[in-house]
Each structure stands twice: as C-alpha cells, then as structure tokens.
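Q: Quick check, what structure comes out for this input:
(one chain, ligands or ions: 1)
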Amino acid sequence: MDKIVYLDNAATTRISKRAIDAMMPFLTEDYGNPSSLYSLGQKSKVALENARKTVAEVLGSRPDEVYFTGSGTESINWAIKSAIKLKQDKGKHIISSNIEHPAVKNTLKYLGDNGYDITYLESDKHGQISLDALRSSLRSDTVLISVMTANNEIGTILPIAEIGKLAREREVLFHTDAVQAVGHIPTDVNELNVDLLSFSGHKLGGIKGVGALYVKKGLLLQPLIHGGGQERGKRSGTENIPGIVSLAAALEDAVGHMPLREVTRLRDKLISGVLKIPRTHLTGDPINRLPGIASFVFECIEGESLLLLLNQHGICASSGSACSSDSLDPSHVLLALGLSHETAHGSLRLSLSVDNTDEDIDFTLEKLPGIVEKLRMMSPLWNG
Ligand SMILES: *Cc1c(COP(=O)(O)O)cnc(C)c1O
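A: Alright, predicted model coming up:
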C-alpha cells in the first residue's frame, strides 16, 4: 500500500515536527534525571518546568496547577478518585453523562461497584446534556460532576462553562475530560469554570504515554501514585521528560493553528459529500462540534466491514470507539443518541488534522460511496 489517508486523528495523531525536534535532545544526550543536582540533570529539570509553563499559558492557569502524568486515562483516574476523597464527609453521589469515554465510564463503574451512587445524565440526539436535568439531579450529597468537554466519537462540544458555573454555585467539584478539546478548541480553565481538567499528549501531536492534569489551586488532591515524590509529591515516578517536552511543544504548535478554519472547511466538505450517500446520517451536534470530527451512521452497514474496505484503499478511520472495537456491542455513545443497535453498528468516524488536504477528502469521497453500495448489496437487511 503506497498512500495513507489518515483520518483517525481522534484515535491518535502523527507526532508534530516541532514536538520531535524539541524532544530529540532528551532521547539522546540530555538524558539526566531531573531530580539530580548536577548540570546534566538540571537540564532536564529546566525542560520540565518550561513545559509546565507552556501548558499553563495555554490553559490560562498557574504553572503550579499543572501536573504531568502517564496518560489521559491516568489523569482522569487520579482526578475522579482523589476528588471524591476530598469530599467524603459530604457524601457519595457523582453526576456524569452517558457519553463519556471508557476512561471516565469505567472509573465511575468501579466506584459504583464500591458504594458510590452515580447519576448518568441522558444526552439528546445530538449528544448534548440538559442543564435543567443537571440542576435537578444535584443533591446535598453530590460531591463531583464529571462531564467531557468534547466527545471523541461524535465530536459534540458540551456546555462546560455553564456546567462549571452551576457546580460552583452548588459547591460541587467539577472535572472535565478535555482530551479531545485541548489543542483543538479554546480550553481556558477560568472561562470553563473547572476545578480539574484532564488531557493527553498523543491526541494533539505529542507522543503516547504522557498526560496532564490541571488542579485548581487550593484543591489538596491526594496522589494516586505513591513513590519518590516527583511532581511536588503528587505523582511519583521519574518524569517522562521526552514525553512531557513533546506534549508542550505539540501543544504550542496546535494552538498556533487555532482556530482550525482549514480543518473545519475540510470537515464540512467531507460531511456534505458523505451525506449525499442515501440513508446516511450525521451523528453528533451539527453546530457545536469539534473542527476535526465528521461522524456518520449508514443504514444496513457493518462498520467493521467498512473499515476493512477503506483500509484496502489506504484510508484509516474508526467505527464506534477504538477502545471497544474488539467487542461486538455497538458503542454506548451511539446508543445514547437514541439510535437502534442495528444503525449504531453502521458507524464511521473520520477525524482530521492540519495535515489533511483537499486531495485526502476528494479521494475518500471518491471511494466511500462505492464501498457502501457494495456492502449494502451483500446485506440481507438492504432493500434498496
Ligand atoms: C483518548 C482519550 C482518552 C484517553 O487518553 P489516553 O492518553 O489514551 O489514556 C480519554 N478521553 C478521551 C475523550 C479520549 O479521546
């Protein structure tokens, strides 16, 4: 296969050139441990603190409100599991949505199995949750709200600032999984009214295996990982300096491209082209959606077969969520939108980055209709 058309940037991204350049010295000659006192170690320490400053600038936070972790998933686990401990005297009720990423969903399931009471707000057909429903589900024993900034499967952007305002009024802690948002749309923590915000390096042009958590000043979060006391005693383990440096450099690069007008233009071109295929529907919010996510369901189509045929043309895409692609259950997110199991099985997510071109979109729009038609001709459900 010669040409790759990479349309799976919500699963992971190519590492940005700027990130590779920034990281390279720390993979080669500057290998010192940032906790060491000699100059070689201090070079790593300086790079670590510069990365923290860069992240803080983008988030509109103070550097000492930023902690580096081993992944978006780790940040989420830490935020949720430690926030509820801070408020354990108040109660054991948590509010979330029914379209969260498995990192949040399964952390909450674990807590639900361990004595916590979780309310999952139901989303509407666009993946939006209602602020009124949120207001009426708040209780005197509610300790935490965790709602994602933007959804990874359907691209819907949620009203985080409004949710945060409500959380503040009711003195409930608020965490947001911003993994799909940071570096893609504005994520100023003061505008969003959040106490805790998680994100990940590899969804914005950094390397895999590095994440970050914003913790609002004054919130004395206990560590999830104990050990040598790195990250001011909050997250032990020798810091992944190349990863952290890549995250910060990629983030600087990503915000330099914002607002992603060109990506949005290509997304909309893709959406209007794909919707010309009969019995095809856009999933997610038609307006409040991430610049890079075009997501669909095709009636009478099996998403996995679609991916295999796209792959024969070098087109990389996703169906449902990558994390659940080895199970036959349709995505919980698509079911939450009110789609039937059958329709939810026929989903396709095409996610773009600044590297994509008109050529990529034209090629995809040239191949996709034929593939869909071919699969439908073989489907017992299809009746033209
Ligand atoms: C990818 C993703 C995560 C997990 O991040 P990792 O760094 O891969 O652990 C969490 N939430 C959302 C919305 C994601 O897209």
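Q: How about stretch 127-147 and the ligand, touching?
A: No: on the criterion Cβ under 6 Å from any ligand atom, stretch 127-147 is out of touch with the ligand, staying 11.2 Å away. The way it works is simple: take the backbone N, C-alpha and C, and place the C-beta from them, glycine included.
Q: mind listing what's buried in the host helix or strand of Gly41?
A: Per DSSP states H and E, Gly41 falls inside helix 39-59. Residues 41, 43-45, 47-48, 50-52, 54-56, 58-59 are the ones in helix 39-59 that count as buried (16 or more other Cβ atoms under 10 Å).
Q: Make CSV from these and add pLDDT and distance to the ligand to it.
A: Formatted as CSV, the buried residues of helix 39-59 follow (pLDDT from 0 to 100; distance: Cβ to the nearest ligand atom, whole Å):
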residue, pLDDT, distance to the ligand
Gly41, 97, 27
Lys43, 98, 26
Ser44, 98, 22
Lys45, 98, 24
Ala47, 98, 21
Leu48, 98, 19
Asn50, 98, 22
Ala51, 98, 16
Arg52, 98, 18
Thr54, 98, 18
Val55, 98, 15
Ala56, 98, 20
Val58, 98, 17
Leu59, 98, 17
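Q: surely Ala22 meets Ser246?
A: Yes: assessed by Cβ atoms under 8 Å, Ala22 is found in contact with Ser246 at 6.5 Å.
Q: Of these two, which one has the most company?
A: Ser246 (30 against 24; other Cβ atoms under 10 Å).
Q: Am I right that the more buried one sits in a helix?
A: Yes: assessed by DSSP: H, G, I helix; E, B strand; the rest coil, Ser246 belongs to a helix.
Q: The helix holding Gly41 packs against which elements?
A: Secondary structure elements in contact with helix 39-59, counted by 3 or more Cβ pairs under 8 Å, 6 or more residues apart in numbering; DSSP states H and E, are strand 66-69, helix 241-257.
Q: Let's have those in CSV, adding distance to the ligand and mean pLDDT.
A: CSV is the format used below for those (distance: least, Cβ to the nearest ligand atom, whole Å; pLDDT from 0 to 100):
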stretch, distance to the ligand, mean pLDDT
strand 66-69, 9, 98
helix 241-257, 10, 98
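Q: In TSV: these, plus distance to Leu339.
A: Output for the helices and strands packed on helix 39-59, formatted as TSV (distance: least, Cβ to Cβ, whole Å):
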stretch	distance to Leu339
strand 66-69	34
helix 241-257	31
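Q: Leaving out chain neighbours, which residue sits closest to the residue of the stretch 51-200 of the chain at minimum distance from the ligand?
A: In the stretch 51-200 of the chain, no residue comes nearer to the ligand than Gly72, which is 2.6 Å away by Cβ to the nearest ligand atom. Using Cβ to Cβ, 6 or more residues apart in numbering and skipping residues adjacent in sequence, the residue nearest Gly72 is Ser200, 3.1 Å away.
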